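J.: Any chance you could fold what I've pasted below:
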Amino acid sequence: MVILGIDPGYATTGFGVVEAAAGSFHLVRYGVVTTPAGMEFPQRLATIYMDINELLDNFKPEALAIEELFFGNNVTTGIGVAHARGVILLCAAQHNVPIFEYKPNQVKQSVVGYGGAQKRQVMDMTRRLLGLAEVPRPDDAADAIAIALCHARSTTSLLQKFGR
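T.: Residues are numbered from 1 along each chain as shown. Below you'll find the predicted structure:
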């Protein structure tokens, strides 16, 4: 199964393409979609739209795993991220790619085994699961890979196979 993991943002959207089969994982590609701060917001969304469409066209994922929004203290930033996230969901829907949403603590639980894990623990376990020499950079891409791994681990679980 090919999974496109997304860490949504409007300045930087991380992505990670992971191939999962029978409990093994292979990192296909990762990176970020970036938009410059001075660019008009609708143009930023258009850039995200075009780049996510290109990823969907090139890698033909069977699932898109995306982090759910968490509104902290900065609601204004959260609203911008929500817009970017909506564009990404639209792209997946237009490509008929099933969408799976995960909360940050679900990603941590799935990748590390503890929902309260620290970011560095998630990044290190991501590196180990994929057999990489280093943690992928930038952080947004590493987060997207962890989100893809979260989905991969939940869909390739033996419990899934037995309907539990």
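
J.: quick one: contacts for residue 4?
T.: Counting by C-beta atoms under 8 Å, 6 or more residues apart in numbering, residue 4 touches 15-17, 55-56, 59, 61, 63-65, 97, 148. No exception for glycine: its C-beta is placed from N, CA and C like everyone else's.

J.: Wait, residue 100 touches residue 66, no?
T.: Yes: here residue 100 reaches residue 66: they are 7.4 Å apart, a contact under C-beta atoms under 8 Å.

J.: for the protein, which spans come out with low pLDDT?
T.: 70-76, 156-164 (pLDDT under 70).

J.: dump the residue contacts of residue 129.
T.: 25, 111, 149.

J.: more crowded one of residue 100 and residue 66?
T.: Higher neighbour count among residue 100 and residue 66: residue 66, with 23 against 18, using other C-beta atoms under 10 Å.

J.: In contact with that one, which residues?
T.: Applying C-beta under 8 Å, 6+ apart, the residues contacting residue 66 are 5-6, 8, 85, 88-89, 99-102, 147.

J.: can you tell me which of those lies nearest to residue 136?
T.: Nearest to residue 136 among these is residue 5, at 11.2 Å by C-beta to C-beta.

J.: Tell me if I am right that the closest one is in a strand.
T.: Yes: under DSSP: H, G, I helix; E, B strand; the rest coil, residue 5 falls within a strand.

J.: Any idea how many residues pack against it?
T.: By other C-beta under 10 Å, neighbour count at residue 5 equals 30.

J.: what does the one 4 residues further on give?
T.: Counted with other C-beta under 10 Å, residues neighbouring residue 9 total 22.

J.: Just to be sure, it is in a strand?
T.: No: assignment of residue 9 by three-state DSSP gives coil, placing it outside any strand.

J.: related to what we said a few turns ago, for PyMOL, write the select line for the buried members of the contacts of residue 66.
T.: Applying 16 or more other C-beta atoms under 10 Å to the contacts of residue 66 leaves a buried subset, and the PyMOL line that selects it is:
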select buried, resi 5+6+8+85+88+89+100+102+147
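
J.: which stretch of helix or strand covers the residue lying closest to residue 6 once chain neighbours are set aside?
T.: What sits nearest to residue 6 in space, not counting adjacent residues and going by C-beta to C-beta, 6 or more residues apart in numbering, is residue 66, at 4.4 Å. Element membership for residue 66, per DSSP states H and E: strand 63-67.
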